[in-house]
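Enquirer: Fold the following.
(one chain, ligands or ions: 1)
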Amino acid sequence: MKKVLITYNMFRQGYEELIAKYDVTLPPEGVESFTYDQVYEMIPEYDALLSMFNFPVNKKLMDHAGKLKIVSNYAVGYDNIDIPYATQKGIQVTNTPDPVTEPTADQAMGLLLAVSRRISEIDRRVRIPGAVKWGLLENLGHSLFGKTIGIIGMGRIGKALARRALASGMKVVYHNRHRLPEEEEAKYGARFLSLQELIRTADVVSLNAPHTDETFHLIGEPELRAMKPSAILINTARGPLVDEKALIRALQQKWIWGAGLDVFEFGDVISPEFFAMDNVVVNPHTGTQTYEVRNEMAAFAARNIINFFEGSGPVACVNRLER
Ligand code: GLV
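Expert: Take a look at the predicted model:
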């Protein structure tokens, strides 16, 4: 019987089929996740690893994993995994694109609304007696209707965000490694721009691209200085796409109007400067944090393993193996 190691505890619903078919190990009840060292110790026994987006699947681990055939990542992003090395070792890597698309686009839109209309800031102040004054010129934010959103990374999540932006009466421009076919551009009412042009002209810049060597610090000081002073930056992709120290200066010195951040350059550590600023809304990577999506991602990651071993259906492969 194949052995599957799951690094993080989860509702069992999404894993029912996997548990019925294979010998599955999860962290014991009450334990959130296995540590790297625990996984390292256990991995030689296992045929499959179901890992979380922040669990490092590196050379050291893969060299210790004599039987490992598949790493099924519980995430659409896979910058936690050394993909070239997995490919070299003949290990299939898979991800969970479908269940992540819509909730992440919701999160981007939610952050945008919260920043543009100062929802979190005003909520915080209204709880303090006397801290909020009602007046026609108090608590002013920015309208979204008629404004332009610039989406960097027009994959599934970028497109799902474009649909939401269109529903809010926004115009959509985008930048992507490859330009979309004309029919798709028409479907999303989206105009292709160079990165520099997008940054200079968009009222909202949303990051929806993966973290790679090419996208590291895609938004740094020159880009932040080139943005409109009324612009809002939204990042629901990966923290390292933004030079966080430059962003802090940009927000403190008002080179841009605000930011909505779900991800941070230094992982779980949110730069404390953000907490002192009202023009930024921060969430600790909660883009897929709903009851429904937790189960959907678990079921999708489990299906990738089952279909891989049984050849019984699609597998969301990240790397291509020589067979
Ligand atoms: C979440 O960040 C994901 O990559 O699915």
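
Enquirer: Residue 25 against residue 2, yeah?
Expert: No: checked against CB atoms under 8 Å, the pair residue 25 and residue 2 is beyond contact range at 11.7 Å. Just so you know, the C-beta spots here come from the backbone N, C-alpha and C atoms, and that holds for glycine as well.

Enquirer: Next up, the contacts around the spatially most central residue of the chain.
Expert: Nearest residue to the geometric centre of the chain (CA atoms, centre = their mean): residue 237, 3.7 Å. Under the criterion of CB atoms under 8 Å, 6 or more residues apart in numbering, the neighbours of residue 237 are 77, 153, 157, 207-211, 263.

Enquirer: Around the ligand, pick out the residues from the stretch 51-200 of the chain.
Expert: 53, 75-77, 100 (CB under 6 Å from any ligand atom).

Enquirer: Could you find the lowest-pLDDT member of those?
Expert: Lowest pLDDT within those is found at residue 53 (94).

Enquirer: Output the below-cut-off pLDDT ranges for this protein.
Expert: Segments of the chain classed as low confidence (criterion: pLDDT under 70) are 323.

Enquirer: and if we set it to 90?
Expert: 133, 267-268, 322-323 (pLDDT under 90).

Enquirer: For it, which segments count as helices?
Expert: Counting by DSSP state H, residue ranges of the helices within the chain are 16-21, 36-42, 59-63, 83-88, 97-116, 119-126, 156-167, 182-187, 195-201, 221-226, 244-252, 291-310.

Enquirer: which helices and strands sit right next to the first one?
Expert: Using 3 or more CB pairs under 8 Å, 6 or more residues apart in numbering; DSSP states H and E as the contact definition, the elements that helix 16-21 packs against are helix 291-310.

Enquirer: To what extent is residue 265 buried, counted in neighbours?
Expert: Residues lying near residue 265 (other CB atoms under 10 Å) number 20.

Enquirer: Same check on the one 4 residues further on?
Expert: Other residues within reach of residue 269 by the criterion other CB under 10 Å amount to 10.

Enquirer: ok, now residue 23?
Expert: The burial count for residue 23: 13, using other CB under 10 Å.

Enquirer: Return the distance of the closest residue to residue 87 other than its chain neighbours relative to residue 83.
Expert: Closest residue to residue 87 apart from its sequence neighbours, by CB to CB, 6 or more residues apart in numbering: residue 319 at 4.5 Å. Using CB to CB, to the nearest Å, we find residue 319 at a distance of 5 Å from residue 83.
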